[in-house]
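J.: Sequence first, predicted coordinates after that:
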Amino acid sequence: MSDLIRRDPRAEWIARNRLHPLHAAMLSASQDATSWMGPNGVLRKNPHAVGFIGPNGLKRIDRSGSQQGGGQKRSGASEVVQLPLRLIEQPAFYIVVVPDMVGGRLGSHDKDLLGLANKLAGSDGAVLAVVFGEHKESAFDCNGVDRLLRIEGEAFEGYAPEARVLALSAVESQLAPRHWLLPDSRNGGGELGRRLAAKLGERPATRIWQVADGIASGRAGAGREDLIRQAPRLILAAAECAEPVSETRHEVRSLELQENIAHSLPRIQDLGAVAVDPAQIPMAEAEFILSGGNGVQDWNLFHQAAVALGATEGASRVAVDDGFMPRNRQVGATGTWVTARVYLAVGISGAIQHLQGIGACDKVVAINLDPGCDMIKRADLSVIGDSAAILAALIERVAAHRQGAARDAA
């Protein structure tokens, strides 16, 4: 038998081309999906297989599947991995985290904050998450929460920073935590943290992107330089301040306040949410985006779907170049980088520049005829079919849901 090593040039080319439809299948068929032999006999490695470098220079782990073509994401979705359980019966101290909990769930910023809290807690401390009102989160254990304190009541619902500061003051009196961690965000964490600092008489560290060896590094000078200082008790951290917890499971033991929360006459009255036209929301601030691409054949139906869903409209570069959408609605590296909680892509194949622009979106839903396109591989939920028929059915379902809700209210 011949000792010559037979190679398949086409298979090697597909393994090098991450955008090829068979790229994921070719890598999963090999023994090591993170490396392959190049055409010159040099071992090539995929730097995206383990993680990628975030905008703050931190190594981030890719859990979306976008960096790996989505193959490993789908193949491992049905596998249940039992992480080791971390129990702390008598913590030496507490690290208190007050997450934003936008929509009642932990966001990416909240998870980064919990990762930083676990780093500061070490092996002796416990991470306490303080949540106001009802929530929909079911994965506190996988995100590093050792203790959970729920504070409920009408006084804490909606925009109520004064009442929440009084509740956090009660936590301070009972537990005297080593550190307070709040997200330095526009969703309420930044304001609440500064109010709490004034109440406790602490000088907070703001826009912190790294805490190591007792030293906190924060952005300053419009983000062009760093401000280094000793880590204070109260830290307002930026996104990507630390790696989210991914290798341990935590107890999430419920905790209750032993003393009553002081109440005062509120100087701020919450009059409820104000209706805002989604078309007037800047793309970078929109939380729900309906984006259309070359696969949209009926743009009038697309606009109707955006109105029915209450979504901000976006578009791919192809749709903008063809004149279907204005230039300020272009999403991607050559347009606007978006951070929506839900990004619904209709008829968008997923060019690399577009995938870069939606990299910070929490949930991506894709509607496309091509099951092998890169947007489908990136998406958390995919619908394969004609976009016009799916949008029409979606509009009908939304209308029926709202009519049912109106009948129930009456």
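T.: Received the coordinates, thanks.
J.: Which residue ranges of the stretch 101-250 of the chain form strands?
T.: 126-132, 147-151, 179-183, 205-212, 215-220, 225-230, 234-237, 249-250 (DSSP state E, counting those that start in this stretch).
J.: Nearest to Phe288 among the ones you listed would be which one?
T.: In terms of C-beta to C-beta, the element of those nearest to Phe288 is strand 179-183, at 20.4 Å. Backbone N, C-alpha and C define where each C-beta goes, glycine included.
J.: got the buried residues for stretch 97-109?
T.: 97-102, 105-107, 109 (16 or more other C-beta atoms under 10 Å).
J.: so which of the strands of the stretch 101-250 of the chain comes closest to Glu313?
T.: strand 179-183 (28.2 Å).
J.: Can you list the buried residues in that closest one?
T.: 179-183.
J.: Lys111 is in contact with Val245, correct?
T.: Yes - judged on C-beta atoms under 8 Å, Val245 makes contact with Lys111 at a distance of 7.5 Å.
J.: for stretch 401-410, what is the average pLDDT?
T.: Average pLDDT, stretch 401-410: 78.
J.: my bad, stretch 296-313
T.: On average, stretch 296-313 scores 94.
J.: So which bits of that stretch are buried?
T.: 296, 301-302, 305-306, 308-309, 311-313.
J.: Sort out for me which of those are in strands.
T.: In this view, these that belong to strands under DSSP state E are 312-313.
J.: Most widely separated two among the buried residues of stretch 296-313?
T.: Largest pairwise distance in the buried residues of stretch 296-313, by C-beta to C-beta, is 17.2 Å, between Leu301 and Thr312.
J.: Tell me who's in contact with Asp362.
T.: By C-beta atoms under 8 Å, 6 or more residues apart in numbering, Asp362 lies in contact with 107-108, 340-342.
J.: Show me which of the residues you listed is closest to Ala11.
T.: Distances from Ala11 to these, taken by C-beta to C-beta, are shortest for Ser108, at 36.2 Å.
J.: show me the contacts for the closest one.
T.: 239, 244, 360, 362.
J.: Return the distance of the residue nearest to the spatial centre of the chain relative to Leu309.
T.: Residue closest to the average C-alpha location in the chain (C-alpha atoms, centre = their mean): Ser108, at 3.3 Å. Computed with C-beta to C-beta, to the nearest Å, the distance linking Ser108 and Leu309 is 23 Å.
J.: from what I can see Ile395 touches Ala306, true?
T.: No - distance between Ile395 and Ala306: 10.0 Å, which falls outside the contact criterion (C-beta under 8 Å).
J.: mind checking the SS state of the closest residue to Asn187 other than its chain neighbours?
T.: Once flanking residues are discounted, Asn187 sits nearest to Asp100: 4.3 Å by C-beta to C-beta, 6 or more residues apart in numbering. Of the three states, Asp100 takes coil under DSSP: H, G, I helix; E, B strand; the rest coil.
J.: so who does Asp100 touch?
T.: Contacts of Asp100 (C-beta under 8 Å, 6+ apart): 107, 109-110, 183, 185, 187-189.
J.: so what's the backbone phi/psi at it?
T.: phi -70, psi -40 (degrees, to the nearest 10).
J.: Show the pLDDT at it.
T.: Asp100 carries a pLDDT score of 94 in this model.
J.: which one of the contacts of Ser108 sits closest to Val130?
T.: Pro244 (18.6 Å).
J.: who's in contact with that closest one?
T.: 61, 108, 111-112, 114-115, 143-144.
J.: pLDDT weak spots in the chain?
T.: 1-7, 15-21, 23-81, 265, 410 (pLDDT under 70).
J.: Helices of that one, residue ranges please.
T.: Using DSSP state H, the helices found in the chain span residues 9-16, 23-29, 71-75, 108-121, 161-175, 189-200, 299-309, 317-321, 352-357, 374-378, 387-409.
J.: Export the ones you listed to JSON lines and append columns for distance to Leu255.
T.: As requested, those are exported to JSON lines (distance: least, C-beta to C-beta, whole Å):
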{"stretch": "helix 9-16", "distance to Leu255": "51"}
{"stretch": "helix 23-29", "distance to Leu255": "44"}
{"stretch": "helix 71-75", "distance to Leu255": "35"}
{"stretch": "helix 108-121", "distance to Leu255": "15"}
{"stretch": "helix 161-175", "distance to Leu255": "9"}
{"stretch": "helix 189-200", "distance to Leu255": "18"}
{"stretch": "helix 299-309", "distance to Leu255": "39"}
{"stretch": "helix 317-321", "distance to Leu255": "50"}
{"stretch": "helix 352-357", "distance to Leu255": "41"}
{"stretch": "helix 374-378", "distance to Leu255": "39"}
{"stretch": "helix 387-409", "distance to Leu255": "36"}
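J.: Mean neighbour count, these: which tops it?
T.: Mean neighbours per residue, mean count of other C-beta atoms under 10 Å, is largest over the helices of the chain for helix 374-378, with a mean of 26.
J.: could you say what helices and strands that helix packs with?
T.: helix 352-357, strand 363-368 (3 or more C-beta pairs under 8 Å, 6 or more residues apart in numbering; DSSP states H and E).
J.: Any chance of TSV for these, columns distance to Ile14?
T.: Putting the helices and strands packed on helix 374-378 into TSV (distance: least, C-beta to C-beta, whole Å) gives the following:
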stretch	distance to Ile14
helix 352-357	17
strand 363-368	21
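J.: For Ile208, find the nearest of these.
T.: When the helices and strands packed on helix 374-378 are ranked by proximity to Ile208 (C-beta to C-beta), helix 352-357 comes first, at 25.8 Å.
J.: Need the residues that contact that closest one.
T.: Contacts for helix 352-357 (C-beta under 8 Å, 6+ apart): 19, 66, 316-317, 331-338, 348, 374-375, 378.
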